[in-house]
Structure formats: structure tokens, C-alpha cells
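Visitor: any chance you can model this:
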Amino acid sequence: MSASLIAGLRAALPSATIWDASDLATRDPGFDARNFGASALVRPRDVEGVAALMRFCAERGVSLVAQGGRTGLAGGAATSQGQIICDLGGLAQIEEIDPFARVAIVQAGLTLGALQEAAAAHGLDPGIDLAARGSATIGGMVSTNAGGIMAFRNGTMRHRVLGLEAVLPDGRVFSDLTRVLKTSAGYDLKHLFIGAEGTLGVVTRVAVRLDPVAGASATALVGVPDAASAQRIVRHFLGSTSARLTAAEILWRNFASLMQRALGYAPGQLPLDAPCLLVLGLGADSIEAARAALEDGLAAIWEEAGIMDGLVASSEAQAAQMWRLREETEHIERAHPIAPSFDVSVPCGALDAYVARIEAGLKRIDAAYAPYVYGHLADGNLHISINCPGPLAHDRHAAIEDVLYEGLREAGGSFSAEHGVGLEKRDAYERHADPVKRDLAKAIKEMIDPGHVMNPGKVVG
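Guide: You can find the predicted model right below:
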């Protein structure tokens, strides 16, 4: 990108923060080192600035990649020379929280953690939670249709968004900040931008549904023989009238063992010696009520579910120990740098059979493969990492994908559950997504972004 083009950017957006490639080289790109491969980063201060940037890029045929917290795991925010980053960090305000209507109007660069904190002051919550809550932005979560640990109860980001505003590739502003649940007024076009990973436009403002939150929560760690046993426990608590199930995370033994070693947990410190572990969260009016509901519920279902061991956290510190087992997944990367990682949705009744099938299939590729498997039990979203360093050769990576994705679409699952397609799953998208769906997606892309300036190479190619 020429110096004159950078100068043009500064002239067109005098109030924006602009970094050139030399500035980017000195800064942290986030999870993916490719995030700062662009020739420039622009941080507009408002939607008018985003629109001006879009017009600038459209007039010159320069491609643009929107970025939020840069915590994406599928390469959706990766950039290369000649591209411009639209950084949404300058649009990070909560414009309104209406506690009666239970709606928040927020800018796209706001972090999930900031929205959670502000909503909590009104006894409310956005109904979605991620381990990256401190950095993941609302705009990024919309663009990847993020899920998280409460999706089984509250849905994914698609179900939390009432309306949104987005800037189109030609600089026009699509404004549909609907803040009511019921609207039957033709095509609901906001859904084009949810999960599109910035390939159709840049989301700038969002109307988010909020839900009442329980006054307190309790956590338990339960050892079970398999996922079917864990699901019996989940069904039992979903039927509870005294407390609300807020989380049900499953960890298979290989992953739990890695985390136990990495975190330095001593044998006997937690009930970790089981084929599967279940981390349960339960909400109630008080911590005493939540703990009592967990203890009574586990006792009632203990024999029927075949529970092997279990512990209800007696303090916040002990609960944090349990959650560290699930959330500090960066220890996989420390043990296996750039470990190949995958994110699938499996129909809940097929989890045990699926895990047994992929373990056998991976060993046919390499006898040393013993995947780390963990995820969101109640909605069937599993995260899978291979116990080897990456990146792998293309053919080896494709062979692993074919094992993991075989039959998923036909069974009603998905090869990408909550991390998006980005660059990492482009080949899988072509091999495993429905061909008619791919054709329709390309047609929509051509209509809205005929110049292919928006995040090129991602999702639809």
C-alpha cells in the first residue's frame, strides 16, 4: 500500500486513529499472528467514520477486514498486505440499557464482559457467556454467531440479537435496530449479517436481549462413565423448579488429565478420576439454596445416572478451581503449539458414539493421536484438539477433518458450531456444507459485495 494511499486515508478520516504497517508490527495481534498482516489499521470514532472508510475502500478497490477483540479461532480476522483493518475499538459504548424492556443498545466494539457488568447492575444479563468475555466484542460475537456455555438455554448470538445496524460495502448504513421480540414485517435481513464474519458489511450497533439473573450460583464437578450418564444428570436439573441450570460442560479424560497436570492439581484435590467429568452450574436466589439444590439433585439422580464421584464447591475459590479445568484451554497450545483444533455440533444423543468413532478413526491416521475432547454437553457442541503441534500438511489436515465431519450434516449436526468458518474451515465448507446453501451464499455475496472488498477469502471465498 503506497504512502499516498495512507495519506489519503488520513485525509478522508481526520478524526480516526490510523496505524500503518510499521505501527502494526510493534503491536499484539491477538490470538492469530495473521491478524496484523494488513497494510493499515483504521479505528473510526463513530458509524459515520466507518461509512467513510467503506466508501474509501470501495472507490479504490481496497479490501477491508473488520476486527473486534481479535480472539477468533478460525482465522476470520486474518489479514494480508494491501488490506485495511477496520478496528471497532472506537465504538465501544453502551448507549442505553432499558431494564423494563430488558434491552441494551450497544456499539459493536463493546466487550461482552463490560455488557455483563453493566447489565448486572439492573439484575440482568445478556444471556450468553464465553471464556474470552474480557476481550470478545459484541460485534465480533454477532459476526461469528457465538454460542458459549448458556446456548442450551438461551440460544446463540442469533437468538440474543433483536436488531442491528451495519455499514454496507458501498458506505450505506443498514439500520434495523428493532428492540422488540415480535416483528413479522417481511424478510428479517439482520440475519444476513449474523454469522457472516464481516463478509457482507461491518456491524456497528446491536440491540441485545437481556434476561433476569439468579441471585447466586453454585458449581459442582461430577465424575461419570460417559456422556449418556452426564445427560441424565442434565435432564434431571433441567426439570428442577427450585433452581436453574446455567452450565453443563463435559470434559473427556484425556483433556481433564492434561488440565490437571498443567494446573498442578494434586491427586484427590478434585474428583478427577473418571472417564468423563461434568462441570455443573446452578442458579438460585441464594448461594445456600443453589448449593442445596445441587446436593439434593445429585443425591436423587446418583444411582440412576451411574455417578462415580462428585463434589459441590463449598467456596468461590473451589468453584474457580473447577472452572479453570474447563476454561484455561490455552494449556493445550502450550503442550502442543498451534495444535490442530476443531469445533463441531453433534446431536446430543450421539455424543458417546461420535467420540468413540473419531478416536478410532484418528488412530487409523496416526496411532499416536489421542484427541482432547471437551465442550457444551447440553447443546452437543464439542471442541476437539489433536495432541500434536501444527500446522499440519494440507492432506493430513483434510484427512482429520474428514474423520471428524463424516456424516455430521446428514445427522443434523454441523462441522462448525460456534467459531465460524474464517480461513481455517474454508476447505471443509466446500467439502461438507450443503451445495445449494453454498450457491445461495455466493449469490448473496455477489449482490451485496460485488467488488469483493469485504473480508475476501473468508466463508464463501
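Visitor: state the distance from the spatially closest residue to residue 228 that is not a sequence neighbour to residue 346.
Guide: Nearest non-adjacent residue to residue 228, counting by CB to CB, 6 or more residues apart in numbering: residue 352, 5.7 Å away. In short, each C-beta sits where N, CA and C put it, glycine included. According to CB to CB, to the nearest Å, residue 352 stands 10 Å off from residue 346.
Visitor: also residue 368?
Guide: Taken as CB to CB, the span from residue 368 to residue 346 is 24 Å.
Visitor: and residue 166, by the same measure?
Guide: 32 Å.
Visitor: next one: residue 246
Guide: In terms of CB to CB, residue 246 sits 22 Å off from residue 346.
Visitor: check residue 196 too.
Guide: 24 Å.
Visitor: OK, contacts around the nearest residue to residue 200 once chain neighbours are set aside?
Guide: Among residues not flanking residue 200 along the chain, residue 448 sits closest, at 4.9 Å (CB to CB, 6+ apart). For residue 448, the contacting residues are 168, 169, 192, 200, 201, by CB atoms under 8 Å, 6 or more residues apart in numbering.
Visitor: number of residues surrounding residue 387?
Guide: Counted with other CB atoms under 10 Å, the neighbours of residue 387 add up to 19.
Visitor: repeat that for residue 171.
Guide: Residue 171 has 17 nearby residues by other CB under 10 Å.
Visitor: surely it and residue 49 touch.
Guide: No. The pair residue 171 / residue 49 is not scored as a contact, 11.0 Å apart, by CB atoms under 8 Å.
Visitor: now do the contacts for residue 269.
Guide: residue 321.
Visitor: A helix includes it, no?
Guide: No. Residue state for residue 269 (DSSP: H, G, I helix; E, B strand; the rest coil) corresponds to coil; a helix is not indicated.
Visitor: separation between it and residue 325?
Guide: 11 Å.
Visitor: the host helix or strand of residue 203 packs against which elements?
Guide: Per DSSP states H and E: residue 203 is located in strand 202-209. Where contact means 3 or more CB pairs under 8 Å, 6 or more residues apart in numbering; DSSP states H and E, strand 202-209 is packed against helix 47-60, strand 64-67, strand 103-107, helix 138-144, helix 157-160, strand 161-167.
Visitor: contacts for the third one, please.
Guide: Outside strand 103-107, the residues within contact range by CB under 8 Å, 6+ apart are 88, 91-98, 115, 118-119, 126, 138-139, 162, 177, 179, 204-210.
Visitor: same thing but 10 Å
Guide: By CB atoms under 10 Å, 6 or more residues apart in numbering, the residues outside strand 103-107 that reach it are 46-47, 88, 90-98, 110, 114-115, 118-119, 122, 124, 126, 137-139, 160, 162-163, 165, 177-181, 203-210.
Visitor: residue 49 contacts residue 173, correct?
Guide: No. The criterion here is CB atoms under 10 Å, and residue 49 misses it with residue 173 at 11.8 Å.
Visitor: can you tell me the helix or strand for the residue most central in space within the chain?
Guide: Geometric centre of the chain, nearest residue: residue 146, 3.9 Å, by CA atoms, centre = their mean. Residue 146 belongs to no helix or strand when elements are defined using DSSP H and E.
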